[in-house]
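Enquirer: When you get a sec, could you give me coordinates for this:
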Amino acid sequence: MNLSPSQLVPSLIALIGVVLSVLAAVLTTRHQVAGEIQKIHHQVLAVYAQHLSPARLQAYPELFSVISAAVKEIDYAKEAGRELEIEWNRIFQQVNDWDNQHGLLLAKESGDACYELRLLLAKVTRKGAGSLADLSLKNVGAKLVRLEVALREDLGVYPLGDRNPDPSNRGFTGRTFPDVGPLENMPAPPSTRATTAGV
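Expert: Numbers count the residues shown, from 1 in each chain. Purely as a prediction, here's the structure:
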């Protein structure tokens, strides 16, 4: 059957119309399905967060207390002429014990911060404070404060990303740490630091 040009043009227009209609339907359906999948994903995350937040609220204060106390020990160790007497073995053991029981609750940032702190504390406890020529208080303090701030972010105390990522540079906690080599050479903090409230 031969079609004349006057018959072929309307047929091609109809065919193009059908193809465009099918294409539009496929794209619309695909967009709707993606939207539904995203909605289900958010619902799952909401249920997950609903159960995760109370567990974090119950577990995090214990670790936060250990970290905050360690930071204060660094802050005030030389106060009134005292020698540096930080019980690194105790801090390391407490952080490890907590991580063994509650590490599953940590988010990515807090998990990474906890891991890095545990590695550093392991190095400190192996060498002892008297021979830590390669470890500075600034480094140890920064690792402690990084985890401290990450725990707060997990709980929603700080909106995610609403802090200076470099805690050694007067980060969100407002702390600075002496940039010295060996821990035993830490300079005495200013007397005003003793009256400053902890985090």
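Enquirer: How many residues are close by Leu106?
Expert: 22 (other Cβ atoms under 10 Å). In short, each C-beta sits where N, CA and C put it, glycine included.
Enquirer: Can you tell me the closest non-neighbouring residue to it?
Expert: Cys114 (5.9 Å; Cβ to Cβ, 6 or more residues apart in numbering).
Enquirer: I'd say that neighbour and Gly103 touch.
Expert: Yes: with contact defined as Cβ atoms under 8 Å, Cys114 and Gly103 form a contacting pair (7.0 Å).
Enquirer: Compare the two (neighbour count), which wins?
Expert: Cys114 (24 against 16).
Enquirer: for the more buried one, phi and psi?
Expert: phi -70, psi -40 (degrees, to the nearest 10).
Enquirer: For it, which residues are in contact?
Expert: Cys114 sits next to Leu63, Val95, Asp99, Gly103, Leu106, Leu147, Ala150 when contact means Cβ atoms under 8 Å, 6 or more residues apart in numbering.
Enquirer: One more pass at 6 Å, please.
Expert: Counting by Cβ atoms under 6 Å, 6 or more residues apart in numbering, Cys114 makes contact with Asp99, Leu106, Leu147.
Enquirer: Tell me how far the residue nearest to Leu106 lies from Leu121.
Expert: 10 Å (Cβ to Cβ, to the nearest Å).
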